[in-house]
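Enquirer: mind looking at a prediction? Sequence and model below.
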Amino acid sequence: MKKIISLALLSLLFVPFMVLGQSDFMPAANEKVAEGLDAYNFSDQSLVGVVNTIGTYVIGLLVIVAVFYVLWAAYTFITAAGEAEKIALARNRIMYAGIGVIVALLARGIIALVLQVAQ
């Protein structure tokens, strides 16, 4: 049973990558720039555009890390086998992951506020 749960949790590690593949995570390529990797350079963007693009990448990365942290905490919680120390550790990890997501969302709001003031 432990192996099945471990395999199920391991397969959940790939869910954020599938979600990012479905969403518009990468900024749109500029028509002035050549196709390929050069389409995502910052040379033709204003400072506001660069900050917004970097903020999008950082927030996305923080959310992915938080999801992995929650999955790690869930694995620890399931395999704790009633040990109070492991259960407390897993609960703290889930709490810290939640705090991390809230901080990431607040950071995105602060970036949007600064960009609004800068324009």
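Expert: It's in.
Enquirer: what's the spacing between Ala112 and Tyr69?
Expert: Relative to Tyr69, Ala112 is positioned 25 Å away (criterion: C-beta to C-beta, to the nearest Å). C-beta here means a position set from N, CA and C on the backbone, and glycine is covered the same way.
Enquirer: who's more crowded, those two?
Expert: Tyr69 (17 against 12; other C-beta atoms under 10 Å).
Enquirer: in what helix or strand does the more buried one lie?
Expert: helix 47-78 (DSSP states H and E).
Enquirer: what of Val117?
Expert: Val117 belongs to helix 84-118, assigned by DSSP H and E.
Enquirer: which strands or helices does that helix pack on?
Expert: In terms of contact count using 3 or more C-beta pairs under 8 Å, 6 or more residues apart in numbering; DSSP states H and E, helix 84-118 is assigned the packing partners helix 47-78.
Enquirer: so Phe77 sits right up against Ala84, yeah?
Expert: No: between Phe77 and Ala84 there is no contact, the gap being 12.0 Å when judged by C-beta atoms under 8 Å.
Enquirer: please say which of the two ends up with more neighbours.
Expert: Higher neighbour count among Phe77 and Ala84: Phe77, with 15 against 8, using other C-beta under 10 Å.
Enquirer: grab the nearest non-local neighbour of the more buried one.
Expert: The spatially closest residue to Phe77, leaving aside those adjacent along the chain, is Ala90, at 3.7 Å (C-beta to C-beta, 6 or more residues apart in numbering).
Enquirer: mind checking how far that neighbour is from Arg108?
Expert: Between Ala90 and Arg108 the computed distance is 27 Å (C-beta to C-beta).
Enquirer: the more surrounded of the two?
Expert: The residue with more neighbours, out of Ala90 and Arg108, is Ala90; 20 against 17, by other C-beta under 10 Å.
Enquirer: residues touching the closest residue to Val58 other than its chain neighbours, list them.
Expert: Nearest residue to Val58, sequence neighbours excluded (C-beta to C-beta, 6+ apart): Ala107, at 7.6 Å. When contacts are counted by C-beta atoms under 8 Å, 6 or more residues apart in numbering, Ala107 is found next to Gly55, Val58, Ile59, Leu62.
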